[in-house]
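# sequence plus the predicted model coming up.
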Amino acid sequence: MPTPTRDPVALAGVQRELEQQLEERLAVIQELAPFALPSVDPVAYQTAASHRLAVEQITAALNRISQGTYGRCTRCGEPIAPARLEVLPHVATCIECQSHAEAA
């Protein structure tokens, strides 16, 4: 059930931060593109892959903001701890669900 977990002003700030991170990551990917092949530069390849994953996570977080579900765990639906969102604003799961996923 969509329930905003933050006030609109704070949520707008999070959205701006995520959009900025998205732009920065896309710029890095574009810069690495000519070298990001495993046979050309394995480090650039891994770096680009890492940034692509972050782009997917950030895009998903922006979608959750649009849908009104930002701040809720995508696995269990419980609120994600505000401190966790402060550190990782694109995170999709609460600590408990993330721990279970990593243990599996």
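Arrived safely, thanks for sending. Just so it is clear, the structure is predicted and the values come from calculations on it, not from any experiment.
# quick one, helices of this structure?
8-32, 42-67, 82-87, 95-103 (DSSP state H).
# now do the buried residues in the second one.
Put plainly, it is helix 42-67. Neighbour-count burial for helix 42-67, with 16 or more other Cβ atoms under 10 Å as criterion, is recorded at 44-45, 47-48, 51, 54-55, 57-58, 61-62, 64-65. Where C-beta positions appear, they are placed from N, C-alpha and C, glycine not excepted.
# repeat for the third one
Neighbour-count burial for helix 82-87 flags 84, 85 (criterion: 16+ other Cβ under 10 Å).
# what is that helix packed up against?
Here helix 82-87 touches no other helix or strand, going by 3 or more Cβ pairs under 8 Å, 6 or more residues apart in numbering; DSSP states H and E.
# who's in contact with residue 73?
79, 80, 92, 93, 94, 97 (Cβ atoms under 8 Å, 6 or more residues apart in numbering).
# now for the second one, how many residues are close by?
Using other Cβ atoms under 10 Å, residue 80 is surrounded by 22 other residues.
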